[in-house]
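Visitor: Sequence first, predicted coordinates after that:
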Amino acid sequence: MSAARIAVLVSGGGTNLQALIDAQGRGEIPHGEIVLVIANKADAYALTRAEQAGIPSVVITKKGCGGDQEAFEDAIIAQLTACDIDLIVLAGFMAILSKRFTDTFEKRILNVHPSLIPSFCGEGFYGLRVHEAALAKGVKVTGATVHYVNEIPDGGEIILQKAVEVQAGDTPETLQRRVMEQAEWKILPRAVELVSEQLSNL
Ligand code: GAR
């Protein structure tokens, strides 16, 4: 097979999308190509990053689908199918996907989570909240995880993890930044290449 066709799903700033774009630019994802960005928020800065990189993007909101989860997922599936997508990457995508969706793309959806799963994960743990919980617990080491996505939030098979030290005086914001720089932006492109290579050998 030629390079895996990758869609990146985003909701916010898109620094993980940027890490993927940069890695692709450095030739570090030879078995994959980012061909589509889907945002579920019209004002996601990730859309600007996609535009600057010349990657087609589309906005699909649950509200725009009448607030209906099934219609929202069907709209995403229709886009993925129309673009012949092989691999879906959730990069700061803040929406829960149903079993129907995850079963449709079994072993073809990756997510990056900003902790060492199984710590500080599952429903309600997203974005800064994860780092707030890690600091409240007083852990000395945290990190990031890239895993396959199944119907259990943050419950799919782990692909890569990287540890990051918590430092005295950390705030959720400083810890989030360190986890991104030292872990997420490194292991996400690596995991995407690993899985793209596997898919291209199918
Ligand atoms: C990242 O830290 C990502 O790991 C996290 O949200 C942030 C998105 O940042 N995702 C989750 O918490 C998912 N449960 P980004 O938009 O700059 O990539």
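Guide: Yep, it's here.

Visitor: closest point of this structure to the ligand, which residue?
Guide: When scored by Cβ to the nearest ligand atom, the chain has residue 92 as its residue closest to the ligand, at 2.6 Å. For the C-beta atoms, the positions are set from N, CA and C on the backbone; glycine is no exception.

Visitor: Could you report the neighbour count for that residue?
Guide: 23 (other Cβ atoms under 10 Å).

Visitor: Retrieve the pLDDT associated with it.
Guide: Looking at residue 92, its pLDDT reads 97.

Visitor: Could you list the alpha-carbon positions for the one helix or strand residue 197 maps to in CSV?
Guide: Assigned by DSSP states H and E, residue 197 belongs to helix 185-200. Taking Å, rounded to 0.1, in the frame of the first residue of the first chain, the C-alpha atoms of helix 185-200 are listed here in CSV:
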residue,chain,number,x,y,z
TRP,A,185,5.1,16.3,20.6
LYS,A,186,7.7,13.5,20.5
ILE,A,187,5.7,10.3,21.0
LEU,A,188,2.7,11.3,18.9
PRO,A,189,4.6,11.6,15.6
ARG,A,190,6.5,8.4,16.5
ALA,A,191,3.3,6.5,17.2
VAL,A,192,1.7,7.8,14.0
GLU,A,193,4.7,6.6,11.9
LEU,A,194,4.7,3.2,13.7
VAL,A,195,1.0,2.5,13.0
SER,A,196,1.2,4.0,9.5
GLU,A,197,4.0,1.6,8.7
GLN,A,198,2.0,-1.4,10.1
LEU,A,199,-1.0,-0.3,8.0
SER,A,200,1.0,0.1,4.9
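
Visitor: picking that back up, I'd say the residue of the chain closest to the ligand and residue 10 touch.
Guide: Yes: the pair residue 92 / residue 10 is scored as a contact, 5.7 Å apart, by Cβ atoms under 8 Å.

Visitor: Which residues are in contact with each of these two?
Guide: Common contact partners of residue 92 and residue 10 (Cβ atoms under 8 Å, 6 or more residues apart in numbering): 16-17, 46.

Visitor: which non-adjacent residue is nearest the residue of the chain closest to the ligand?
Guide: Using Cβ to Cβ, 6 or more residues apart in numbering and skipping the chain neighbours, the partner closest in space to residue 92 is residue 12 (5.2 Å).
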